[in-house]
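J.: predicted model and sequence follow; I will ask about them next.
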Amino acid sequence: MTDAKDERAARLKAALRDNLRRRKAQGRGRAEAQPAPDADRTIAGEAESSGPDSDKSRL
């Protein structure tokens, strides 16, 4: 019975370690993908047509 518990604990430990590695890699990827803080994030015309009353179909 203790062997089964030890095996389970070892599997959980390995799974947690892999999960932590994966999450750290995701966090690093997100940090690299973010634009520079001084970059202009607005696109010309976006502010005019993004309101709730705007006609987004533009047909």
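T.: Received the coordinates, thanks.
J.: next, count neighbours for Arg22.
T.: Counted by other CB atoms under 10 Å, the residues lying close to Arg22 total 10. C-betas here are computed from N, CA, C, even on glycine.
J.: which helices and strands sit right next to the strand or helix carrying it?
T.: According to DSSP states H and E, Arg22 maps onto helix 2-33. Counting contacts by 3 or more CB pairs under 8 Å, 6 or more residues apart in numbering; DSSP states H and E, helix 2-33 is packed against no other helix or strand.
J.: just the mean pLDDT for that helix, thanks.
T.: Averaging pLDDT along helix 2-33 gives 95.
J.: ok, Gln26 to Ala15 distance?
T.: 16 Å (CB to CB, to the nearest Å).
J.: now swap in Glu7 and tell me
T.: On the measure of CB to CB, Glu7 and Ala15 end up 13 Å apart.
J.: ok, Arg21 next?
T.: In terms of CB to CB, Arg21 sits 11 Å off from Ala15.
J.: joint contacts of the two?
T.: When CB atoms under 8 Å, 6 or more residues apart in numbering defines a contact, no residue borders Arg21 and Ala15 alike.
J.: check contacts around Ala33.
T.: If you count contacts by CB under 8 Å, 6+ apart, Ala33 has none.
J.: how near is it to Thr2?
T.: Distance check for Ala33 against Thr2: by CB to CB, it reads 46 Å.
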